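Peer 1: pasting the structure only:
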């Protein structure tokens, strides 16, 4: 089983381009079906990450973050990069795909327990 990136919704860049962070929501599902689930990724500059680290006392868990260089940042390139990462995942079940993609973005069912 594979997944595809059905759409992504990166926000616009905030005011300070030197220290930016934005949320990129990936909507992912099996090809040819209406099923979809969301995965959230924080896209940020190295400067933003360093500032955030200082603000929280020197240690910051950067899970679900992509660090990009502002000069090279391009929304189309980001979408293509995310789509390639999603399509590279293969597993026996949708749950396994979700868990694997959860390393890239926060899966809406990541902390779901029955």
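Peer 2: Perfect, I can see it now. Since we're looking at a predicted model, the values are computed, not measured.
Peer 1: I'd like to know the beta-bridge partner residues of the spatially most central residue of the chain.
Peer 2: The residue lying closest to the centre of the chain (CA atoms, centre = their mean) is residue 41, at 2.6 Å. Beta-bridge pairing of residue 41 under DSSP bridges involves residue 24.
Peer 1: so what does the top helix by length along the chain touch, helix or strand wise?
Peer 2: For the chain, the helix with the greatest residue count under DSSP state H is helix 75-87. Helices and strands touching helix 75-87, by 3 or more CB pairs under 8 Å, 6 or more residues apart in numbering; DSSP states H and E, are strand 4-10, strand 21-29. Every C-beta, even on glycine, is put in place using the N, C-alpha and C of the backbone.
Peer 1: for the record, mean pLDDT for the first one?
Peer 2: Strand 4-10 carries an average pLDDT of 71.
Peer 1: And it, how far out from the chain middle?
Peer 2: Between the centre of strand 4-10 and the centre of its chain there are 10 Å (CA atoms, centre = their mean, to the nearest Å).
Peer 1: going forward can the numbers begin at 737, since that is how I track them
Peer 2: Understood, numbering begins at 737; the last thing we discussed is strand 740-746.
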